[in-house]
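1. Return atomic coordinates for the entry below.
(2 chains)
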There are 2 protein chains.
Amino acid sequence: MARNTQVLADTTAPPVTSILARFAATHPSRGWSDAVEHEAVRTFYNWLGCAIGAARHEAADAAVAAVQMLRPAPQATLMGRSERVDIGSAALVNGITSHTFDFDDTHLKTIIHPAGPVASAVLALAEFEESSGREVIDALVLGIDVACRIGNTMYPDHYDRGWHITGSTGMLGAAAGCARLMRLDEKQTTMALGIAASQPVGLREQFGTMTKPLHPGAAARAGLMAALLASRGFTSSPRALEAPRGLVQVVSDKRAWHEVTDELGQRFEISFNSYKPFACGIVIHPSIDACVQLREQGVLPEQVERIELRVHSLVLELTGKKEPRDGLQGKFSVYHGCAAGLIYGRAGEAEFSDAVVNDPLVVETRNKVVATVDDAIDEQSVRVAAVLKDGRRIEVRVEHAIGSLQNPLSDRQLEEKFGQLVEPVLGAGKARDITGMCWSLATVPDVRALTALCQA
Amino acid sequence: MARNTQVLADTTAPPVTSILARFAATHPSRGWSDAVEHEAVRTFYNWLGCAIGAARHEAADAAVAAVQMLRPAPQATLMGRSERVDIGSAALVNGITSHTFDFDDTHLKTIIHPAGPVASAVLALAEFEESSGREVIDALVLGIDVACRIGNTMYPDHYDRGWHITGSTGMLGAAAGCARLMRLDEKQTTMALGIAASQPVGLREQFGTMTKPLHPGAAARAGLMAALLASRGFTSSPRALEAPRGLVQVVSDKRAWHEVTDELGQRFEISFNSYKPFACGIVIHPSIDACVQLREQGVLPEQVERIELRVHSLVLELTGKKEPRDGLQGKFSVYHGCAAGLIYGRAGEAEFSDAVVNDPLVVETRNKVVATVDDAIDEQSVRVAAVLKDGRRIEVRVEHAIGSLQNPLSDRQLEEKFGQLVEPVLGAGKARDITGMCWSLATVPDVRALTALCQA
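-> Numbers count the residues shown, from 1 in each chain, chains lettered A, B, ... in the order given. Predicted coordinates:
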């Protein structure tokens, strides 16, 4: 075995660890446009709905049961649950629930789900520190910028290797956000990023299991602890990201360092965040959108002989499960997504229940879906044709699915999604109160007013 | 950017995750030779001495201060300290202290320091579960076998990429050991290994900072939590290690699967464990040993004009710091190690204090050392020549340094090392009592008798 299989190390990398640390520590509060500010609030609100919505999922129950073996101090709120746990465990569990339904936000340039690791860590710490809503938004914007810029530096190579990029960049965003919230200086923030850099989380092999949502949770906890450690004098390499044996070069051969520095402090990656209308991996969304449109055109499941999809290769690579056996697996099945869209006209969390996945009509419809990879079709698009038993052929072409950057959910649609997620857990009254407080998050003096509402 | 830079995925890998899980869950207690059993006790004893010895290091203080922000429940002992913390935090902190002095055990085939992650997790959990010494030894042997066999599968490629292999395999050993201790069945143990597989820890860039010893600590905590999560029904991929997007294929191109299965249950990797006589990275040991021998031959520092080393390339790659500024950096300087060996005739933790590293005679002697890479020399060997001011040239050749498998520390030498580490922290009486209990660990009915002795 050769002793050097790594692509030649890059010894000329700019000092991106300290550049990002300086940025996170010193960029002015609210130092961005109204559009960025509003997107940050939308990101937070969507994250919160997802975290509360999955509060009673068996993954949450299992995680909380494990955490409770450690008899955690009641420092912070578990969104949508009644238990209170230490801030590290809150970051972990809220990170898990926020991603359990695969319904959270997506930074489309990298397929990172940035709020899971960053907001879960920041809000747990903010509750402990009695921070204001303003401070939370600042930490969220800056933390997400750090995670996504490192993601840009490595994507797609890093993801193609098999890393679940949400957890393998998220600990950096969580560390940066928490460092900001604690007002760590540039040097301490550099240490926090360095400590976090040694703890990337997440393998794509875990998709379809509870360990997938563990990734943002564990990244949130690792990033939060990195900031706490740095605040107490723990040291790390100030070049932990860019050195030849640092994170980026160890887990990727791409290393596009300019992604860290280009328009830093002017362009904010949170601007490229999007919110899902469907509770599953984003690559299936165009297909579901198309099948919803077929339904709106009057196509009934029992009329259908065959549904033909022409899709980007990633659709089958990520979501090619032909025979999902439960709700979680259904999220990784473009076949199931299409059946749900055609039958129900939607694909919220309810359409990914075990019962729906095993419903005979759903199974029958799913088996009628045939997917073909077409290299001419990009990840945001799909061509769908319903071939009916009477010989008719009805075609739908989606360029940008609902929920994409070009066709985003409106604030009103986000509220509807939030209500569907939160009302079954906390009731309509609390869902409304939380919504009101989220839209005015920037003026909330103490986030404990918000977290108190989120407790079951 | 091409979408597939990974070496072609291996889709024919054997099911090593479940093979290792079955082994850890079902191999008989004490199902190995007396020699393996004794090596396990030596491994545990050496680990404990290192963990206690570094209890007052500033890295430990910083880590404990951070952990205490979470107000941990007093479930488990921090070796050599007075605080009690939850079992996850105990695994973390004891893992940090056990590696802080770089004085712990080494599995020479992979440069893994296996006890750090495995024993730190197992003992914390054992104290909580009121386990017997017998159960601790079983968990240690099996956990270390899991970590080191996965290490064998990937080494050296994985290490060459920049991973600190101790933390990037250690979470698997910790998970296996803790699963064993909790008597998880084969299926639950598979889940525990899968959960742990998503959390490799450690970059070689961190060498010389506190984050290096964080690696075994964070791996210990991750593995312990993986077992707790699995015990409560949390799921992961049963092929998390071997799948194309599983850990081994994501972080290495070597993938020597036979290393998992060859003589499994007959050959135990703990047999290949070794213990350091010098408190620094193992690659410097031959050079220090040679300089100690020069001193024993009567060479005095002030007589020396120049010390010429001919070493393996890894010596300079890992420990090439010419001008270390503090004790931690001194551990990564073959130049400092040689100076300590020549001046003091030893290189224990005291010889890596900040004061010694900055002592004028040490600095002067260090500057006389010239190291040259010689491809004919292997990692365990060195050729050293002292060129004296009077023109004489005295040569020493080390094939296997003291502490190597071929030239191991005796039980008596291990006790001396333990005493030097533990007496300054807990006193000679406790050091003696702990030593006695460690040598008869297999018959200790409840390990809380031991952990009580280890508390300051």
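2. Which SSE is immediately downstream of whichever strand or helix holds residue A:99?
-> Here residue A:99 sits within helix A:87-100, counting by DSSP states H and E. Towards the C-terminus, the helix or strand next in line after helix A:87-100, according to DSSP H and E, is strand A:106-107.
3. what's the helix or strand hosting residue A:423 packed up against?
-> Following DSSP H and E, the helix or strand that holds residue A:423 is helix A:411-426. On a contact count with 3 or more CB pairs under 8 Å, 6 or more residues apart in numbering or on different chains; DSSP states H and E, helix A:411-426 meets helix A:34-53, helix A:428-439. For the C-beta atoms, the positions are set from N, CA and C on the backbone; glycine is no exception.
4. So which bits of it are buried?
-> A:414, A:415, A:417, A:418, A:420, A:421, A:422, A:423, A:424, A:425, A:426 (16 or more other CB atoms under 10 Å in any protein chain shown).
5. Number of residues surrounding the residue nearest to the second one when sequence neighbours are not counted?
-> So that's residue A:415. Nearest residue to residue A:415, sequence neighbours excluded (CB to CB, 6 or more residues apart in numbering or on different chains): residue A:435, at 5.9 Å. A total of 18 residues lie near residue A:435 under the criterion other CB atoms under 10 Å in any protein chain shown.
6. OK, contacts around residue A:435?
-> A:45, A:415, A:418, A:419 (CB atoms under 8 Å, 6 or more residues apart in numbering or on different chains).
7. Could you measure from it over to chain B?
-> To chain B, residue A:435 is 31 Å away according to CB to the nearest CB, to the nearest Å.
8. pLDDT at residue A:4, what is it?
-> At residue A:4, the pLDDT value in this model is 44.
9. And residue A:200, by the same measure?
-> Reading off the model, residue A:200 has pLDDT 98.
10. tell me the SS of it?
-> Here residue A:200 is recorded as coil under DSSP: H, G, I helix; E, B strand; the rest coil.
11. Skipping adjacent residues, who's closest to it in space?
-> residue A:168 (3.8 Å).
12. What's the separation between residue A:274 and residue A:169?
-> Per CB to CB, to the nearest Å, residue A:274 is found 17 Å from residue A:169.
13. So between the two, which is more surrounded?
-> The residue with more neighbours, out of residue A:274 and residue A:169, is residue A:169; 35 against 23, by other CB under 10 Å.
14. Adding pLDDT and distance to residue B:65, write the contacts of residue A:435 out as CSV.
-> As requested, the contacts of residue A:435 are exported to CSV (pLDDT from 0 to 100; distance: CB to CB, whole Å):
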residue, pLDDT, distance to residue B:65
A:45, 98, 35
A:415, 97, 43
A:418, 97, 39
A:419, 95, 43
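15. can you list the domains in chain A?
-> Taking automatic domain parsing as the criterion, chain A consists of the domains A:16-275+A:437-454, A:282-398.
16. Leaving out the residues flanking it, which one is nearest to residue A:241?
-> Nearest non-adjacent residue to residue A:241 (CB to CB, 6+ apart): residue A:17, at 4.4 Å.
17. actually residue A:203, sorry about that
-> Nearest to residue A:203 is residue B:198, by CB to CB, 6+ apart, at 5.1 Å.
18. Would you quantify the distance from that neighbour to residue B:84?
-> From residue B:198 to residue B:84 the distance is 30 Å (CB to CB).
19. Comparing these two, which residue is more hemmed in?
-> Using other CB under 10 Å, the more surrounded residue of residue B:198 and residue B:84 is residue B:198, with 32 against 17.
20. How about the contacts made by the more buried one?
-> Residue B:198 touches A:164, A:167, A:201-203, A:206, A:211, A:214-215, A:218, B:236, B:240, B:247, counting by CB under 8 Å, 6+ apart.
21. What of residue A:177?
-> A:24, A:118, A:121, A:122, A:139, A:140, A:142, A:143, A:144, A:146, A:223.
22. For it, give me the pLDDT.
-> 99.
23. any idea which element it lies in?
-> helix A:165-181.
24. the inter-axis angle of that helix versus helix A:87-100?
-> Computed by axes from the mean of the first three to the mean of the last three CA atoms, to 10 degrees, the angle separating helix A:165-181 from helix A:87-100 equals 140 degrees.
25. What residues sit buried inside the next helix or strand after helix A:165-181?
-> Sequence order places helix A:186-197 as the next helix or strand after helix A:165-181, per DSSP H and E. Neighbour counts using 16+ other CB under 10 Å place A:188, A:189, A:190, A:191, A:192, A:193, A:194, A:195, A:196, A:197 of helix A:186-197 among the buried residues.
26. so the fifth one makes contact with residue A:186?
-> No: assessed by CB atoms under 8 Å, residue A:192 is found out of contact with residue A:186, at 10.7 Å.
27. re the thing from before, winner for burial among the helices and strands packed on helix A:411-426?
-> helix A:34-53 (a mean of 23; mean count of other CB atoms under 10 Å in any protein chain shown).
28. Taking their axis directions, it and helix A:428-439 sit at what angle?
-> Going by the same axes, to 10 degrees, helix A:34-53 makes 150 degrees with helix A:428-439.
29. Which elements pack onto helix A:34-53?
-> helix A:87-100, helix A:115-129, helix A:133-154, strand A:273-274, helix A:411-426, helix A:428-439.
30. same for the first one, what does it pack against?
-> Same thing as helix A:87-100. helix A:34-53, helix A:58-68, strand A:76-77, helix A:115-129, helix A:211-231.
31. Nearest to residue B:440, out of those?
-> helix A:58-68 (33.6 Å; CB to CB).
32. contacting residues around the closest one?
-> A:54, A:78, A:81, A:83, A:85, A:89, A:92-93, A:96-97, A:100, A:210, A:213-214, A:217, B:225, B:228-229, B:231-235.
33. If you average the pLDDT over it, what comes out?
-> 98.
34. now it, how far from the chain's geometric center?
-> On the basis of CA atoms, centre = their mean, to the nearest Å, helix A:58-68 sits 20 Å off its chain's mean C-alpha point.
35. Show me what counts as buried in that helix.
-> A:59, A:60, A:62, A:63, A:64, A:66, A:67.
36. measure the first one to residue A:95 for me?
-> Same thing as residue A:59. 11 Å.
37. And the strands in the stretch 351-456 of chain A, which stretches?
-> A:369-373, A:382-388, A:393-398 (DSSP state E, counting those that start in this stretch).
38. shaky segments in the stretch 351-456 of chain A?
-> In the prediction, the stretch 351-456 of chain A carries no residues with pLDDT under 70.
39. before we move on, back to that, could you dump the helices and strands packed on helix A:87-100 to CSV with distance to residue A:318?
-> Output for the helices and strands packed on helix A:87-100, formatted as CSV (distance: least, CB to CB, whole Å):
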stretch, distance to residue A:318
helix A:34-53, 19
helix A:58-68, 20
strand A:76-77, 33
helix A:115-129, 17
helix A:211-231, 11
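40. Which one, of the ones you listed, ends up nearest to residue B:397?
-> helix A:211-231 (44.1 Å).
41. which parts of the stretch 51-200 of chain A sit against chain B?
-> A:58-59, A:61-63, A:65-66, A:69-73, A:75, A:86-88, A:156-157, A:160-164, A:167, A:194-195, A:197-200 (CB under 8 Å from any CB of the partner chain).
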